[in-house]
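> Below is the structure, and that's it, no one-letter string:
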Ligand code: PHE
């Protein structure tokens, strides 16, 4: 087979930045507020937190451990651990999921591109609150514009991934991530000090348990995996580029904490403003695109902040998109650098085509419904609430089944001083709690939908 050039992170920081970059993106910033807004508010957020800590964190650590242990991208990683079995299908499922996920993710990435472009020519200040909804609708219903923007977003992703994610991500993340936090804090401060903001804070942080349905629980489960990039084995692939003794438990804890923190900020940026402006929390996918411009319009120098925020949001979205495309590309090239360029373009173009119906879902195809959903919603539902939890379930079953407990402990302890008790807790969470919880949620939902 010849000597293949295995990709490597050039620094310890590179890995953590890339993994955090994959996790933090539209999941915490765009999806969390809109799903919380449509299903359960504070109750949703609480369940999401529980799933993130008790299922997400252990799973993230499991994916990291598998990747570094095998030094192989996802499909080959499962094949190496369990040769001659069907387990490598977890990796293939991950590739398929990433493909579909990126197809609609990039559509939202395109909306950001449009908003960013127009924020240079047309500011947000001086507009009435109700004009922002209209502005979104006008933007989104133009078929050429949304497809073009979806294309531009993917093009940016392709251009970075074809050269190797490493170089692309490491350089920028160091500055962009902290900047995003700071800007978010500014929005939160503005939002929570708006008149009538407390109603929004209450909506987001005070769980109303009477509003919990099977759907709330399933969506919170999907959201936990979506926001942490879990269930697709992306974290397996990323940690396979890691040679050194970076502490996996520490990295996992930081990524989970960051994701929770950003999710909290996103909710606190959006909901107080929603209630203060008399908008609708159940607006769906457009929510942040209507609310955020409205918040910025009420901040001094709002136009400049808006441009800054959209740039940072675009960056956060791109780093997640890189990981999704990387997952597909790595499964084709199997670490063979010579194939990378072509594989990236082919995968990128196919994803572009797959995303077109999603891009048109809010305009010319808004009347076309699949089981009562638009094409975009159908994709999102299928990926977030079926494929990600299914992938997560399989990884949770696979890890303790196919890897010896001692080997897992050994790998996890490389570069870290993980205590045995912590490892044992992790082991119980991954072996019993995670699979059982996912199965219960699935069964509950099937029951709730009256399929039995
Ligand atoms: N975690 C990313 C986000 O929140 C989305 C994502 C999901 C990326 C699954 C990779 C895999 O934006």
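Alright, I've got the coordinates. Note that the structure is a prediction, hence the values are computed from the model and not measured.

> residues of stretch 226-245 that come out buried?
Buried residues in stretch 226-245, counted by 16 or more other CB atoms under 10 Å: 226-242. The C-beta positions use only the backbone N, C-alpha and C, and glycine is treated the same way.

> Averaged pLDDT, it. What do you get?
For stretch 226-245, mean pLDDT is 91.

> Between the two ends of that stretch, what distance do you get?
For stretch 226-245, the first-to-last residue distance is 27 Å (CA to CA, to the nearest Å).

> How far away from the center of its chain is that stretch?
Relative to its chain's centre, stretch 226-245 lies at 13 Å (CA atoms, centre = their mean, to the nearest Å).

> ok, and does it reach over to the ligand?
Yes. Residues of stretch 226-245 contacting the ligand under CB under 6 Å from any ligand atom: 226-227, 229, 232, 234.

> Pick out whichever of those sits closest to the ligand.
Taking CB to the nearest ligand atom as the measure, the ligand lies nearest residue 229 of these, at 3.5 Å.

> Next up, the contacts around the closest one.
Contact analysis of residue 229 by CB atoms under 8 Å, 6 or more residues apart in numbering lists 19, 22-23, 27, 235, 320, 323.

> Residue 125: what secondary structure?
The three-state assignment at residue 125 reads coil, by DSSP: H, G, I helix; E, B strand; the rest coil.

> In helices, which of the contacts of residue 229 fall?
Taking DSSP state H, the ones among the contacts of residue 229 that sit in helices are 19, 22-23, 235, 320, 323.

> filter the residues you listed to the buried ones?
Using 16+ other CB under 10 Å, the buried members of the ones in helices among the contacts of residue 229 are 19, 22-23, 235, 320, 323.

> Now the two most distant members of these.
For these, the maximum inter-member distance is 12.3 Å, found between 235 and 320 (CB to CB).

> Now do the shared contacts for the two.
The contact sets of residue 235 and residue 320 overlap at 22, 229 (CB under 8 Å, 6+ apart).

> Wasn't residue 281 part of a helix?
No. Under three-state DSSP, residue 281 sits outside any helix and is assigned coil.

> need the contact list for residue 279.
Applying CB under 8 Å, 6+ apart to residue 279 gives the contacts 129, 133, 273, 290-291, 294.

> May I ask which of these has the most neighbours?
residue 291 (31 neighbours; other CB atoms under 10 Å).

> Can the helix or strand of the chain with the lowest mean pLDDT be said to contact the ligand?
Here the helix or strand of the chain ranked lowest by mean pLDDT, DSSP states H and E is helix 165-192, holding a mean of 80. No. Judged by CB under 6 Å from any ligand atom, helix 165-192 makes no contact with the ligand; its nearest approach is 12.3 Å.

> Tell me the residues of this structure that contact the ligand?
22-23, 25-28, 101, 226-227, 229, 232, 234, 320, 323-324.

> that older thread, closest one of the buried ones among the ones in helices among the contacts of residue 229 to the ligand?
Of all these, the ligand sits closest to residue 320, with 3.9 Å by CB to the nearest ligand atom.
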